[in-house]
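*Asks:* missing the sequence, but the structure's below:
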């Protein structure tokens, strides 16, 4: 009977070896380069996205607990629907001045401004342009010398200033809210973990808040084009919507984690799974998941305060309260409660079994 020869160990073939005899060396180099490129593309394509790290975290917990599927939280958070934008548009009576009375204000140089605003194209202006019209009108009236006007002109001037100046700050917030740059950015219509240029967005929000303060000083003219320039900068980043979508996704993923940790509470402390769970906390959560949760909180602390300041006071509607406020039931309320619940679940398990993680603990 023929005996099977033992398989020889595999060795890499050297280009100078007999197997490559007679082959063109440049051709071999090109082939090797192509293989390296394909390998890099393959490995890059296999890199796991941040949300996959949380999925892997849950899947590892499920395997240790012998659970076939990660539980889906029964209480799913459903964000309120965005209301119609037309419900919050400033009324025409607030934005216009009739073309008869302003004749008395001719020395103030406001007639061309009023005519342009009342023209068909003026009525199609963006919300931010509507605000700039109001502010420019009040700026001209404020600086208009009383001795250049008739008695009728002075009465009309003071009436417009007294009526509109107190509303200017709220008009600024409303005009920005209604503009495309923020109306669609407030929600969560963006992919998870796509924060864009956070620093770029932060600088734009801070500059817009400064412009809001400067606009209240009617004695000073606003820099031409500054408001539109800042809004354009903000429009170029999906930071806010990306943050909100990431929060919603993470709330759901950590909800599955909580269900698994609740099952782990029933394990005897001498169960072999307990030390494995502790290792998952250290090696998977501590090194991969916790930095991601910290990143979400960092972006939130960077963008949300100046955004709330910019849009305050926003309309009383569940949609705006959900995405902008910090109250119970809001997106941030749900997110930080879920972070705390996750931390407390791990602490309860570790304390019950008198175990401590070897590295850093569950500080979400």
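*Replies:* Now that the structure is in, tell me what you want to look at. As the structure is a prediction and not an experimental result, all values here were calculated from the model.
*Asks:* next one: phi and psi at the closest residue to residue 354 other than its chain neighbours?
*Replies:* Closest residue to residue 354 apart from its sequence neighbours, by C-beta to C-beta, 6 or more residues apart in numbering: residue 269 at 7.4 Å. Quick note: C-beta positions are derived from backbone N, CA and C, even for glycine. When read as degrees, to the nearest 10, the backbone of residue 269 gives phi -70, psi -20.
*Asks:* from what I see, residue 269 and residue 352 are in contact.
*Replies:* Yes: assessed by C-beta atoms under 8 Å, residue 269 is found in contact with residue 352 at 6.8 Å.
*Asks:* give me the below-cutoff pLDDT ranges for the stretch 51-200 of the chain.
*Replies:* For the stretch 51-200 of the chain, the stretches with pLDDT under 70 are 74-75, 91-101, 119-123.
*Asks:* where do the helices sit along the stretch 1-150 of the chain?
*Replies:* For the stretch 1-150 of the chain, the helices defined by DSSP state H, counting those that start in this stretch cover 25-45, 50-64, 92-95, 111-118, 120-123, 127-142.
*Asks:* buried stuff in the fourth one?
*Replies:* Of the residues in helix 111-118, those buried under the neighbour-count criterion (16 or more other C-beta atoms under 10 Å) are 113-114, 117-118.
*Asks:* distance check, the residue nearest to residue 354 against residue 261.
*Replies:* Here residue 269 is placed at a distance of 15 Å from residue 261 (C-beta to C-beta, to the nearest Å).
*Asks:* higher neighbour count, those two?
*Replies:* residue 261 (22 against 11; other C-beta atoms under 10 Å).
*Asks:* which element, helix or strand, includes that one?
*Replies:* Using DSSP states H and E, residue 261 sits in helix 239-264.
*Asks:* for that helix, packing partners?
*Replies:* helix 50-64, helix 198-215, helix 273-280, helix 290-311, helix 331-352 (3 or more C-beta pairs under 8 Å, 6 or more residues apart in numbering; DSSP states H and E).
*Asks:* which one of those lies nearest to residue 73?
*Replies:* helix 331-352 (9.5 Å; C-beta to C-beta).
*Asks:* tell me the average confidence for that closest one?
*Replies:* The predicted model gives helix 331-352 an average pLDDT of 95.
*Asks:* okay, the angle between it and helix 239-264?
*Replies:* With axes from the mean of the first three to the mean of the last three C-alpha atoms, to 10 degrees defining the directions, helix 331-352 sits at 30 degrees from helix 239-264.
*Asks:* can you tell me what sits against helix 331-352?
*Replies:* Outside helix 331-352, the residues that touch it by C-beta atoms under 8 Å, 6 or more residues apart in numbering are 77, 79, 244, 247-248, 250-251, 254-255, 257-258, 261-262, 264-265, 269, 277-278, 281, 285, 293, 296-297, 300, 304, 322-323, 325-327, 356-357, 361-364.
*Asks:* which of those count as buried?
*Replies:* Among these, those that count as buried by neighbour count (16+ other C-beta under 10 Å) are 77, 244, 247-248, 250-251, 254-255, 257-258, 261, 264, 277-278, 281, 285, 293, 296, 300, 304, 322-323, 325, 357, 361-362, 364.
*Asks:* gap between the two ends of stretch 227-241?
*Replies:* 21 Å (C-alpha to C-alpha, to the nearest Å).
*Asks:* please renumber so the chain begins at 25
*Replies:* Happy to do that; since the first residue is 25 now, the last one works out to stretch 251-265.
*Asks:* in it, what's buried?
*Replies:* Those would be 251, 254-255, 257-258, 261-265, for stretch 251-265 by 16+ other C-beta under 10 Å.
*Asks:* hmm, back to that, now the angle from the helix holding residue 285 to helix 74-88?
*Replies:* For helix 263-288 against helix 74-88, the angle between stretch directions is 0 degrees (the same axes, to 10 degrees).
*Asks:* quick one: average pLDDT of helix 263-288?
*Replies:* Helix 263-288 comes out at a mean pLDDT of 93.
*Asks:* report the angle between that helix and helix 222-239.
*Replies:* Going by the same axes, to 10 degrees, helix 263-288 makes 120 degrees with helix 222-239.
*Asks:* now do helix 263-288: distance to the chain's middle.
*Replies:* 15 Å (C-alpha atoms, centre = their mean, to the nearest Å).
*Asks:* so how far is stretch 244-259 off the chain centroid?
*Replies:* The answer for stretch 244-259 is 21 Å, by C-alpha atoms, centre = their mean.
*Asks:* can you check stretch 221-238 too?
*Replies:* For stretch 221-238, the distance to the chain centre is 15 Å (C-alpha atoms, centre = their mean).
*Asks:* now stretch 107-115
*Replies:* 23 Å.
*Asks:* ok, stretch 106-115 next?
*Replies:* Remark: stretch 106-115 is offset 23 Å from the chain centroid, using C-alpha atoms, centre = their mean.
*Asks:* tell me the spacing between the residue nearest to the spatial centre of the chain and residue 323.
*Replies:* Residue closest to the average C-alpha location in the chain (C-alpha atoms, centre = their mean): residue 264, at 2.3 Å. Residue 264 sits 9 Å away from residue 323, going by C-beta to C-beta.
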